[in-house]
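Visitor: Structure here, sequence nowhere to be found:
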């Protein structure tokens, strides 16, 4: 009973930390809009972190800074954007140039991409990158490695004459290159070295011998951290577009979508495993939020960008009533989608928990 209670407490703590981390991601998004609006001379009536009833608020200049009850969401209320009356032209969002308004709209997503990049850099420098070694952590029963007599803590020194040099990546490469042919493993165990002939098996399109390898953390210097941070940011941006193309083409199911509950579940599970894994998930979420918000869908920042592009091409403002109508329709569709993914997250909670336990241990 005590162990169950401690597990529940750890789960709740992980969920709470994850929610606060997601709130931090949203805070940075809205901070981007705030900074750009101030730089462009647009009046900001309110800068809010969270939605729902106000828990705290304070005025600085013309801007009210508020913290609201529900940490998912936030907004920046810009002067003139919501059809307020008597807004001075010098503060009115709609009186600014198209380029200035584009900067204000896109700044939130750009801030999310920057945040994701910085988290990657920080993680690579201070938490390292998990890298597989050539030391065996565990073996799958009845698989080639276990049948040959290998044991946990054995270290693979070479494969068919190719030195492994402690690299799990090099070991995996040699197994993949085998094409199913037998390999000679030179193995170290405590004070003795020996050889074993092992024939890899084909499993899900890959040749395996049935071992899990121990990992070690590799720490990058600041320059390499920046380089790899940029690479990881680019990779996750491309993955968002790849996921969307899979949904559009039908190769992925809409039931595969994850909402706020699923995100909290996955991130809190990663936190239980390691801080490094948790930070990577938060970075991925920040990047995904930045890209998603720039999609050309009404009510999203990308939807506003479409209106601004149309205005730039036509060289005259569009109908505000039409913008509000399309925005409301988009908001309705987005709410319906959110309701669907929330119920989907609840329905799949146990299934995803079992999957993550199997995948990560």
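Guide: Received the coordinates, thanks. Keep in mind it's a predicted model, so treat the numbers as computed, not measured.
Visitor: Any buried residues in stretch 142-154, and which?
Guide: Within stretch 142-154, the residues that count as buried by 16 or more other Cβ atoms under 10 Å are 143, 144, 145, 146, 148, 150, 154. The C-beta positions use only the backbone N, C-alpha and C, and glycine is treated the same way.
Visitor: Please name the nearest non-neighbouring residue to the fifth one.
Guide: For residue 148, the nearest residue in space outside its immediate sequence neighbours is residue 196; the separation is 4.4 Å by Cβ to Cβ, 6 or more residues apart in numbering.
Visitor: Please state the backbone phi and psi of the one you found?
Guide: phi -140, psi 140 (degrees, to the nearest 10).
Visitor: thinking again about what came up before, between the buried residues of stretch 142-154, which is closest to residue 135?
Guide: residue 154 (7.4 Å; Cβ to Cβ).
Visitor: Would you quantify the distance from the closest one to residue 137?
Guide: Going from residue 154 to residue 137 by Cβ to Cβ, to the nearest Å gives 10 Å.
Visitor: out of everything not next to it in sequence, what's closest to residue 126?
Guide: Nearest one to residue 126, counting by Cβ to Cβ, 6+ apart, is residue 219 at 7.7 Å.
Visitor: which other helices and strands contact the helix or strand containing residue 169?
Guide: Using DSSP states H and E, residue 169 maps to helix 168-177. If you count contacts as 3 or more Cβ pairs under 8 Å, 6 or more residues apart in numbering; DSSP states H and E, helix 168-177 packs onto strand 129-139, strand 155-159, strand 206-208, strand 211-218.
Visitor: circling back: what's the local residue count around the residue nearest to residue 126?
Guide: 12 (other Cβ atoms under 10 Å).
Visitor: start the count at 47, not 1, going forward
Guide: All set: I'll call the first residue 47, so the last point we hit is now residue 265.
Visitor: can you pull the buried residues of the helix or strand harbouring residue 119?
Guide: Assigned by DSSP H and E, residue 119 belongs to strand 109-124. For strand 109-124, a neighbour-count test (16+ other Cβ under 10 Å) marks 109-110, 112-114, 117-124 as buried.
Visitor: Rebuild the residues you listed as JSON lines, extending it with pLDDT and distance to residue 69.
Guide: Listed next are the buried residues of strand 109-124 as JSON lines, based on pLDDT from 0 to 100; distance: Cβ to Cβ, whole Å:
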{"residue": "109", "pLDDT": "92", "distance to residue 69": "20"}
{"residue": "110", "pLDDT": "93", "distance to residue 69": "19"}
{"residue": "112", "pLDDT": "92", "distance to residue 69": "13"}
{"residue": "113", "pLDDT": "89", "distance to residue 69": "10"}
{"residue": "114", "pLDDT": "89", "distance to residue 69": "10"}
{"residue": "117", "pLDDT": "75", "distance to residue 69": "4"}
{"residue": "118", "pLDDT": "71", "distance to residue 69": "8"}
{"residue": "119", "pLDDT": "75", "distance to residue 69": "9"}
{"residue": "120", "pLDDT": "84", "distance to residue 69": "8"}
{"residue": "121", "pLDDT": "89", "distance to residue 69": "13"}
{"residue": "122", "pLDDT": "91", "distance to residue 69": "15"}
{"residue": "123", "pLDDT": "91", "distance to residue 69": "19"}
{"residue": "124", "pLDDT": "91", "distance to residue 69": "21"}
